[in-house]
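1. structure here, sequence nowhere to be found:
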Ligand code: GCU
């Protein structure tokens, strides 16, 4: 098989085109794409004022793509990808589920990516911009090919000199990136430091101070003179030591609206993260429960945010753990525009060493949401590595995320995995079914050898790879499971911390009753004794043991499946991923042995099946 490992799911396209705007790009990319498709004829035409949508018809022997300013480009990729995947490309008028389909880079200007597992940043190095324009164009193409239309280009934890991205010191550099990505329909967002006014000489960053307001107004005037289509700002405030309005005894509506008003004349948006919690929590204090934090900080502010503010809420109430319920904030704040934030970077899900295909998880979240948030966002899993994502197969997450952005609830994780395989490895790849099963099984396998049943935080502190059951237990981050010799978990019902009561009544009822609470979330909501009887009659303890043995076996199966595929894979890709599957097996064994031992030592109860548990 001939395949350029740098080229993600578009290996047939070669280097991306240069063009002045998305429609010109659509024409250029269509011409280029057709060169790889013998005997196919196609045209693209613009339907002005019709935005992101498109349709594809066939007239005699020619495909006709018709779409709006960006829609024409999306339509061209739809045509090319469908033909390469062996699907019929014809489609009725097709529009995305979310108007803003965003990615957040957590790239620092040093070049290091926070929680990055695919090498350094492809934007920066040594505290300055340092990139290959051709690679940024390839990136733009990848984004546009799945309809992603905005990226934030720096870490939400804004470290100097990235705080100056919004000043004349670095704006000309931002403009260059914006210019490269604009023809792909991608707009930029800048993560800003709330304390910038102070760093730049003012006495305060208090949002109600007129000098602060004037500061941001002037800054926005400068920014938009340079990058007129900047989407807006992204802000992490009063979170994990970042500055914010609480420092001045202002609430987050006051804090956000001040910035929103500076952006408003330029039609800019203010994206405000709700990842706000007490990260200096005394473990002896049972009155604080971290998952309650986002709701407590924001729900009461509904209706007080300006109309160009978007609250960005992580999918779960904790922090991208392997299994969490949907954040209760999505069921509240009806008058407030929200974006749901996922994490493609596999911070808690195996660092792009372990295989973890996320689409089934997203699908579950979508199914649990009653009202869709208006927008969608994800932390990227990308870096300078040749294959973009560290693990070659982690590309499937970026691809599927784009499809989720476009299709929303209608996305079919399995169908998208199949399509990604066909595009990446070829339509007639003989191992497609095996690879598809690997991707589809990967989440459950990982979950089984990880922390059990929604318990969370048994991971090694700081790095977040590998097991350490008490690593976070006595720390200050509010990340407890409170296991002892009798029981494990936190009671989050009304008799406990009351977290479950943040949900609508029927959901609260469902979660609070161990009979109706989804099994996979039992230990998220309940504190249970080890002899608690699960639905199938096993004890909780036995279930924990079984899951860990099964998860580790699953990881071994992934390795042996990959080995079977060797004859059908390009050698470089085979060898690269083989190394990752071997490391995954080692990791899964560690999790199995350390977690099982942890519970065995507490309880003194051996595995019913007599398997070896280390002690
Ligand atoms: C997690 C992650 C941090 C990140 C934070 C955030 O806590 O570990 O690295 O900064 O999330 O989302 O802001």
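-> That came through, no problem. Every value quoted in this text rests on a predicted model; they were computed, and no experiment measured them.
2. and residue 82, how many neighbours does it have?
-> Applying other C-beta atoms under 10 Å, we find 18 residues neighbouring residue 82. From N, CA and C alone the C-beta is placed, and that goes for glycine too.
3. these two touch, right, it and residue 94?
-> No: assessed by C-beta atoms under 8 Å, residue 82 is found out of contact with residue 94, at 11.4 Å.
4. can you give me the buried ones in the longest helix seen in the chain?
-> Using DSSP state H, we find that the single longest helix of the chain is helix 571-603. Applying a neighbour-count criterion of 16 or more other C-beta atoms under 10 Å, one finds 573-574, 576-578, 580-581, 583-585, 587-600, 602-603 buried in helix 571-603.
5. same thing with stretch 443-456?
-> By neighbour count on 16+ other C-beta under 10 Å, the buried set for stretch 443-456 is 443, 445-456.
6. circling back to that earlier point, tell me how far the longest helix of the chain is from the chain's mean position?
-> Distance of helix 571-603 from its chain centroid, counting by C-alpha atoms, centre = their mean, to the nearest Å, is 23 Å.
7. how about residue 190, what does it touch?
-> Listed by C-beta atoms under 8 Å, 6 or more residues apart in numbering, the contact set of residue 190 reads 152-154, 165-166, 174, 223, 230, 233-234.
8. that one should be in a strand, yeah?
-> Yes: the assignment for residue 190 is a strand, going by DSSP: H, G, I helix; E, B strand; the rest coil.
9. could you count how many residues lie near the residue lying closest to it once chain neighbours are set aside?
-> The shortest distance from residue 190 to any non-neighbouring residue, by C-beta to C-beta, 6 or more residues apart in numbering, is to residue 165 (5.1 Å). By other C-beta under 10 Å, 22 other residues sit near residue 165.
10. quick one, what contacts residue 165?
-> So residue 165 contacts 153-154, 171, 173-174, 190, 192 (C-beta under 8 Å, 6+ apart).
11. identify, from those residues, the entry nearest to residue 139.
-> Of all the contacts of residue 165, residue 153 has the smallest distance to residue 139: 11.2 Å, by C-beta to C-beta.
12. which SS state does residue 367 fall under?
-> helix.
13. pretty sure it sits against residue 409.
-> Yes: at 7.1 Å, residue 367 counts as touching residue 409 under the criterion of C-beta under 8 Å.
14. tell me the domain boundaries of the protein?
-> Using automatic domain parsing, the domain parsing of the chain gives 5-94, 101-427, 449-490+527-603.
15. okay, residue 367 and residue 409: which has more neighbours?
-> Using other C-beta under 10 Å, the more surrounded residue of residue 367 and residue 409 is residue 409, with 13 against 9.
16. ok, that one to the ligand distance?
-> 25 Å (C-beta to the nearest ligand atom, to the nearest Å).
17. would you confirm that that residue contacts residue 372?
-> Yes: counting by C-beta under 8 Å, residue 409 touches residue 372, with 7.3 Å between them.
18. next, show the common contact partners of those two.
-> Shared contacts of residue 409 and residue 372 (C-beta under 8 Å, 6+ apart): 97, 366.
19. so where is the chain shaky, pLDDT-wise?
-> 1-7, 615 (pLDDT under 70).
20. residue numbers of it in contact with the ligand?
-> When proximity is defined as C-beta under 6 Å from any ligand atom, the chain approaches the ligand at 114-115, 156-157, 236, 275, 319, 347.
21. could you identify the most distant pair in those residues?
-> Pairwise distances among the residues of the chain next to the ligand were taken by C-beta to C-beta; the largest, 15.5 Å, belongs to 236 and 347.
22. how far away is the nearest residue to residue 253 once chain neighbours are set aside from the ligand?
-> Here the nearest residue to residue 253 in space, its sequence neighbours aside, is residue 304; by C-beta to C-beta, 6+ apart that works out to 3.9 Å. Distance, residue 304 to the ligand, using C-beta to the nearest ligand atom: 23 Å.
23. give me the neighbour count for residue 304.
-> Applying other C-beta under 10 Å, we find 16 residues neighbouring residue 304.
24. isn't it up against residue 255?
-> No: judged on C-beta under 8 Å, residue 304 makes no contact with residue 255 at a distance of 11.1 Å.
25. where do the helices of the stretch 101-250 of the chain begin and end?
-> 133-145, 171-181, 196-199, 210-226 (DSSP state H, counting those that start in this stretch).
26. any chance of the ones you listed in a markdown table, plus mean neighbour count?
-> Formatted as a markdown table, these follow (neighbours: other C-beta atoms under 10 Å):
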| stretch | mean neighbour count |
| --- | --- |
| helix 133-145 | 21 |
| helix 171-181 | 18 |
| helix 196-199 | 18 |
| helix 210-226 | 16 |
